[in-house]
Structures are given as C-alpha cells and as structure tokens.
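**Student:** A structural model of the following input is requested.
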Amino acid sequence: MTQERISLEPAFLLHQLPYRESSALIDFFTHHHGRIRVLAKGVRSVAGRKARYGGVLQPFQPLLLSWGGRGELPLLYGVEVAGFLAPLVGNHLISGFYLNELLLRMTHRHEPHSDLFGSYHATMVALRQPRALAWLLRLFERDLLAECGYAIDFNLPGERSAALQADALFCCRQQQGIVPLAAESHCDGVALQGKTLMALASGRYEAADAATVLPQAKQLLRYLLSFYLGDKPLQSRALLQQQRPRSLT
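**Tutor:** Alright, predicted model coming up:
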C-alpha cells in the first residue's frame, strides 16, 4: 500500500515505544488524520550519536508533522515545533498523560477527529492556566464521548421543564441514557441533579454549585467511560488518585 506524503500536519505526541537500536514507534494525534502511528528512525541517542529532532519530540507541545511511505507503518520525515507551551508539572502533568491515555484507548487509528483535536489543543492550553483542573478533565471527557459516538443526550424525555430545574433528580443508566427520577425511586445507575446536567451541557457551573456539580459530573463520566474502556484500568488514573486533591479524577 502506498500512502501519500503528508506535510506540516498539526499534531501532538501521545506515546512512543523504543524500536530497534535508535528508532521509535510513535503515536500522534493529528488534526485531519486522527490518531496515527509512525516509525521514527534515529530519534534515540546511541553510542554518542545525537538523536534526530533533538528535544522536539515531546508530549503536550503543538507540533507540525510530516510523514508518508509504504505499508501500514509510515515513516516520519519531519517534525517541528508549532508553538511553545510551558512544561506541565504535578497534577497537571499527570492529567496530560490521562488525556493521552484516553485518546489511545478510545479512538481508532486513521479516524479523523478534527473537533476533538481542537478540544484537546484548547485543554492543553488551559492546563497551563489557573483554572479548575477537575472541570477541564470533565469537559474533555464529555467531548471525547460525543466525538466517539457516545454523546450524553441532554434532550431528556418527558416535560421539557424538568431539564431546566436545577434541583430535579435524574438517573443515568449505561446504554439507556438519562431519565427523570422520582424522589422515592431507586437509581441503579448514577443519580444526579439537573444542575449537573445543565453545567455539562453549557460547559459552565455556578461557584455555589461546585460541591454538587463536580463530584456528580465525575461519577457520571467515569460511569459512562467505564462501559467503553472495559476492565483494563487506566495507569494515569491510578497516578492521579495518589495525588491531592482526590477530586481530580
């Protein structure tokens, strides 16, 4: 199979594995081509020989990628920095690995996800700002589910007014969606209030509602993601759970 040569494609590095003496297999998330894996020759230092591209091949930094070739594993021909973002540290660094691991587990190679790429890029920028880290993760999880075809349906059945009542109760069940929940009823999925659904739909919440919205949104999105991720645990989530505050994931 012959693949056209792609030049200067916006991308982020997700993961890399050593390959032979000085090469690596690298997964990138690209703007127009989705997740790809390429063979990058000479990118690891050996026997005093400098690695190609120096320190350019770093995660969480916007890159411009060029690749192409024959077969299922194209060759990396070039990579350059497309702008500098400050290094991530602490929980923000682990959160970046968490986002990368979600992309590796939830997306398929060569499936374009231009909108999700934009969401990922915006989240990378926001991770460098003094914003609520847990909420950034929730919004990306929401966008990821939607892009993969598993969007949360905020058009609830029943009377429209129920969806607009912040204190109304709802129940989410995997593969069944979200339905109004009577106060005396049992929810065998995830129970949550209307204010949490409203916050996820709009991307914003009132500061006074944080104690309700943040834990409920975390529980809901973890519940939904677990259905598609399967039984294999996320390594980055385990790291995040060891940190403080524990509300991040």
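
**Student:** from here on, contacts and neighbour counts on C-alpha atoms
**Tutor:** Noted.

**Student:** from what I can see residue 199 touches residue 205, true?
**Tutor:** Yes. Using Cα atoms under 8 Å, residue 199 is in contact with residue 205, at 4.9 Å.

**Student:** where do the contact lists of the two overlap?
**Tutor:** Shared contacts of residue 199 and residue 205 (Cα atoms under 8 Å, 6 or more residues apart in numbering): residue 213.

**Student:** can you report phi and psi for residue 6?
**Tutor:** Torsion angles at residue 6 (phi, psi; degrees, to the nearest 10) stand at phi -100, psi 130.

**Student:** and if you look at the one 3 residues further on?
**Tutor:** Torsion angles at residue 9 (phi, psi; degrees, to the nearest 10) stand at phi -90, psi 130.

**Student:** same thing with the one 4 residues further on?
**Tutor:** Here the main-chain torsion angles of residue 13 (degrees, to the nearest 10) amount to phi -80, psi 130.

**Student:** now for whichever helix or strand residue 35 is part of, which elements pack on it?
**Tutor:** Residue 35 belongs to strand 34-40 when assigned by DSSP states H and E. Applying 3 or more Cα pairs under 8 Å, 6 or more residues apart in numbering; DSSP states H and E, one finds that strand 34-40 contacts strand 23-30, strand 75-81.

**Student:** tell me the domain boundaries of this structure?
**Tutor:** Domains of the chain are assigned by automatic domain parsing as 2-81, 90-241.

**Student:** which residue ranges of this protein form helices?
**Tutor:** 90-106, 114-126, 133-147, 160-163, 194-202, 210-229, 235-241 (DSSP state H).

**Student:** any chance of those in TSV, plus mean pLDDT, distance to residue 6 and mean neighbour count?
**Tutor:** Formatted as TSV, these follow (pLDDT from 0 to 100; distance: least, Cα to Cα, whole Å; neighbours: other Cα atoms under 10 Å):
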stretch	mean pLDDT	distance to residue 6	mean neighbour count
helix 90-106	95	21	18
helix 114-126	97	16	17
helix 133-147	96	24	20
helix 160-163	48	46	15
helix 194-202	94	36	19
helix 210-229	95	31	17
helix 235-241	76	31	16
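
**Student:** residue contacts, the most centrally placed residue in the chain?
**Tutor:** Nearest residue to the geometric centre of the chain (Cα atoms, centre = their mean): residue 99, 3.6 Å. Residues in contact with residue 99 (Cα under 8 Å, 6+ apart) are 137, 140.

**Student:** try 10 Å
**Tutor:** Residue 99 sits next to 14, 120, 123, 124, 137, 140, 141, 144, 236, 237 when contact means Cα atoms under 10 Å, 6 or more residues apart in numbering.

**Student:** from what I can see the last one touches residue 94, true?
**Tutor:** Put plainly, it is residue 237. Yes. In this structure, residue 237 is within contact of residue 94 by Cα atoms under 10 Å, at 8.3 Å.

**Student:** ends of stretch 27-39, what's the gap?
**Tutor:** 9 Å (Cα to Cα, to the nearest Å).

**Student:** what is the mean pLDDT for it?
**Tutor:** In this model, stretch 27-39 has a mean pLDDT of 97.

**Student:** equivalent analysis for stretch 175-189, please.
**Tutor:** Across stretch 175-189, the per-residue pLDDT values average to 84.

**Student:** show me which parts of that stretch are buried, residue by residue.
**Tutor:** Residues 177, 178, 179, 180, 181, 189 are the ones in stretch 175-189 that count as buried (16 or more other Cα atoms under 10 Å).

**Student:** and residue 153, what is it in contact with?
**Tutor:** The neighbours of residue 153, taking Cα under 10 Å, 6+ apart as the test, are 146, 177, 178, 197, 201.

**Student:** how about residue 83?
**Tutor:** Counting by Cα under 10 Å, 6+ apart, residue 83 has contacts 61, 62, 63, 64.

**Student:** wait, the second one touches residue 14, no?
**Tutor:** The one in question is residue 62. No. Using Cα under 10 Å, residue 62 is not in contact with residue 14, being 11.3 Å away.
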